[in-house]
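**Q** can you look at this prediction? I've put the sequence above it.
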Amino acid sequence: MGKIVAYAFVAAFASTLHAQTINLHGKVTNASGQPVANAEVLLMHQGKKTTSGADGSYTLTGTVALARQAPSAQGMSLDQGVLRIAVPRAAKVKVEVFDMKGNLLRMEGVSNASPGQYQWDFGMHSLSDQMMIIKASLGKETRTFRYMPMGDGEAAGEIPAAGFTPAAAFLAKTAADLDMLQVTATGYTTKQVSVTAWDATLDVSLSAPSTGGRSAGCGKTSTLKTGKALTFTPPGGGGARTYNLLVPADYDNNTAYRLIVSIHWLNGTANNVTDGGNGSATIKPYYGLAELANPSGGKSTTIFVAPQGQGNSWPSGQVPFITSLVDMLKGELCIDNSRIFAEGFSMGGSMSYALACEAPDMFRAVAVHSGGPMSGCNKKNKPVPYFMTHGTQDQTCTYPAYGVPQINEFAKLDGCQAMDIPGTLVPTDASGMNPKCADFQGCTDGYPARACIFVGPHTPSPGGSKTWVPAETWKFISQF
């Protein structure tokens, strides 16, 4: 790990105590949307608790003494290459990065940032291999740092500012800053939910613990069938969302099937994934895996779901929607809890990466095609097998600044030896049909990592309709 040199200037802090009224309410349900009675609802830091009623509803009220902090530069720090900004109440947040000549390399901000923890990990998102000046602003106060990556080259290679879009933000909200709501009920897995406001409705969906790898939907006669634009309302709020579903024609409710979550790209749709893509993103249904997992004339092995993004996008904060959708499917269909996967292209790939970060206990492995960190990464720091494909001529998720840091991060968590992907995997076939692929070595048993690099642009299907990507992806996923 390279050494980080950081010097901080300017600090201000104001804190008083004040009485805060708590009014939290909501409903506790199971994965099928049925109420869960007698669930214990605990506000962890404050120690306040209550029990859900027969209809699953609960209310937590009271008054507590809390620290009142004005937005202050004291809440900004740079440590081990990670800039952190704690926002105690809504305020403007801005980060500017300059080289030593005063040239602006990048600027990002949130005009009305909600309370919480925000961070920029320069180990993943550096803009230069030389010393930089970082100016962080919280409200009207600022703090300035000098930052120099040293030794291991993790931050080497300047990335042109013109190559960025708002969806590819490096400044990400990582955690709520108020409290955690913990819900416990007999026969269900305990769940914790972030509290971001003291007066709020927080609905909580509980899932049953896995039994022998089989989901609660095994043996159940379900009404769920193959279809498009099916409606699902996440228990955490946000309104109804849609998804497309592929249930095998020979589905047996006593057989535990693999589940693959197939995630569309920015400005794409669930229908693009289901129907086989459009425009430059030419793909077969469900990224070409449907015909491999459920071959015509053979026994089907896999249920597929294609969730619809928020505004055809996958900004940070979408993980709870997908995990709630998976929990619902597990309650309705017979799914192998130990074989749930995510796959996506571009921003769908970044969403698959976010799921590996935030829901490693749910997803057995992920496949990321030309992706990056655009959907955020609320790190749990747990191993997840990781497969990556990326084009050397990608001008959207620029290689190797995108893709490589994310697989390296999980290869390390998977116990693998480091691999210099750009230096080791150097494809030469301009058709894109002959990638250079390699497995990371020394990985923990059951937690492999594999990368395939091809000559080509931003695409999930190098070589067109005859692309090699589905076969490579299926080889990786089907080993589990």
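**A** Perfect, thanks for sending it. Predicted, not measured: the structure shown is a model, and the values here were computed from it.
**Q** report the central residue of the chain.
**A** Ala354 (1.5 Å; CA atoms, centre = their mean).
**Q** pretty sure that one sits against Gly372.
**A** No - applying CB atoms under 8 Å, one finds Ala354 not in contact with Gly372, separated by 10.6 Å. In short, each C-beta sits where N, CA and C put it, glycine included.
**Q** ok now stretch 382-401, how far from the chain's centre?
**A** 15 Å (CA atoms, centre = their mean, to the nearest Å).
**Q** and it, which residues are buried?
**A** Buried residues in stretch 382-401, counted by 16 or more other CB atoms under 10 Å: 383-392, 394, 396-401.
**Q** likewise stretch 461-473?
**A** Buried-residue list, stretch 461-473, by 16+ other CB under 10 Å: 461-463, 467-470, 472-473.
**Q** with stretch 34-46 instead?
**A** 36, 39-43, 46.
**Q** mean confidence for it?
**A** For stretch 34-46, mean pLDDT is 84.
**Q** and it, how far from the chain's centre?
**A** Per CA atoms, centre = their mean, the centroid offset for stretch 34-46 relative to its chain is 26 Å.
**Q** list of residues touching that stretch?
**A** 22, 24, 27-30, 48-58, 60, 62, 64, 179-186, 188, 192, 195, 204, 206 (CB atoms under 8 Å, 6 or more residues apart in numbering).
**Q** what packs against the longest helix along the chain?
**A** Criterion DSSP state H: the longest helix present in the chain is helix 319-332. Under the contact criterion of 3 or more CB pairs under 8 Å, 6 or more residues apart in numbering; DSSP states H and E, helix 319-332 touches strand 204-206, strand 227-232, strand 241-246, strand 257-263, strand 302-307, strand 335-345, helix 347-358.
**Q** point out the most buried one among these.
**A** helix 347-358 (a mean of 29; mean count of other CB atoms under 10 Å).
**Q** what helices and strands are in contact with that one?
**A** strand 257-263, helix 319-332, strand 335-345, strand 365-369.
**Q** what angle do that helix and helix 319-332 make?
**A** With axes from the mean of the first three to the mean of the last three CA atoms, to 10 degrees as the basis, helix 347-358 and helix 319-332 are set at 80 degrees to each other.
**Q** state the mean pLDDT of helix 347-358.
**A** 97.
**Q** ok, now stretch 469-480?
**A** On average, stretch 469-480 scores 94.
**Q** any weak-confidence spans in the stretch 101-250 of the chain?
**A** By pLDDT under 70, the low-scoring segments of the stretch 101-250 of the chain are 123, 125-126, 149-169, 172-178, 187, 208-212.
**Q** do a quick rundown of the strands in it.
**A** Ranges of strands in the stretch 101-250 of the chain, per DSSP state E, counting those that start in this stretch, are 104-113, 116-121, 132-138, 141-149, 172-175, 179-184, 191-195, 199-201, 204-206, 227-232, 241-246.
**Q** which parts of the first one are buried?
**A** Spelled out, that is strand 104-113. Buried residues in strand 104-113 (16+ other CB under 10 Å): 105-106, 108, 110, 113.
**Q** circling back to that earlier point, just the buried residues of stretch 461-473: which are in helices?
**A** Per DSSP H, the subset of these in helices is 469-470, 472-473.
**Q** which two of these have the greatest separation?
**A** Pro470 and Glu472 (7.4 Å; CB to CB).
**Q** from what I can see Met100 touches Met131, true?
**A** Yes - the criterion here is CB under 8 Å, and Met100 meets it with Met131 at 5.5 Å.
**Q** what about the strands in the stretch 351-480 of the chain?
**A** 365-369, 386-391, 436-439, 449-454.
**Q** got the angle between the second one and strand 335-345?
**A** Spelled out, it's strand 386-391. Orientation note: strand 386-391 sits at an angle of 20 degrees relative to strand 335-345 (the same axes, to 10 degrees).
**Q** pull up the pairing partners for strand 386-391, direction included.
**A** strand 365-369 (parallel), strand 449-454 (parallel) (DSSP bridges).
**Q** may I have that strand exported as CSV, CA atoms only?
**A** Output in CSV follows, covering the C-alpha atoms of strand 386-391 (Å, rounded to 0.1, in the frame of the first residue of the first chain):
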residue,chain,number,x,y,z
TYR,A,386,-15.8,-11.2,-9.7
PHE,A,387,-15.8,-11.4,-13.5
MET,A,388,-14.9,-8.4,-15.7
THR,A,389,-14.8,-7.7,-19.4
HIS,A,390,-13.6,-4.3,-20.8
GLY,A,391,-12.4,-2.8,-24.1
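**Q** same question for it, mean pLDDT?
**A** Strand 386-391 comes out at a mean pLDDT of 98.
**Q** contacts for it, please.
**A** 356, 365-371, 397, 399-400, 402-404, 406-407, 410-411, 414, 432, 435, 449-460, 462, 469, 472-473, 476-477.
**Q** show me which of the residues you listed are buried.
**A** 356, 365-371, 397, 399-400, 402-404, 406-407, 410-411, 414, 432, 435, 449-456, 458-460, 462, 469, 472-473, 476-477.
**Q** spit out the contact partners of Ser52.
**A** Counted by CB under 8 Å, 6+ apart, Ser52 has contacts 27-28, 35-39, 41, 58, 185.
**Q** keep only those of those residues that are in strands.
**A** Within those, residues falling in strands by DSSP state E are 27-28, 41, 58.
**Q** TSV for the residues you listed, including distance to Asp439?
**A** Below are these laid out as TSV (distance: CB to CB, whole Å):
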residue	distance to Asp439
Lys27	46
Val28	44
Val41	46
Tyr58	49
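**Q** quick check: the farthest pair among those?
**A** Lys27 and Val41 (10.5 Å).
**Q** any residues in contact with both of those two?
**A** 52, 58, 204.
**Q** make CSV from those residues and add distance to Lys228 to it.
**A** Shown next, in CSV, are these (distance: CB to CB, whole Å):
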residue, distance to Lys228
Ser52, 35
Tyr58, 36
Val204, 29
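**Q** pick the one among the residues you listed closest to Gln310.
**A** So of the shared contacts of Lys27 and Val41, ranked by how close each gets to Gln310 (CB to CB), first place is Val204, at 20.8 Å.
**Q** Ile134 and Asp99 touch, don't they?
**A** No - using CB under 8 Å, Ile134 makes no contact with Asp99, being 11.1 Å away.
**Q** the two: who's more crowded?
**A** Legend: neighbour count by other CB atoms under 10 Å for Ile134 and Asp99, higher for Ile134 (22 against 15).
**Q** how far away is the nearest residue to that one once chain neighbours are set aside from Thr190?
**A** Leaving aside its sequence neighbours, Ile134 sits nearest to Phe145 (CB to CB, 6 or more residues apart in numbering; 4.5 Å). Here the distance between Phe145 and Thr190 works out to 39 Å (CB to CB, to the nearest Å).
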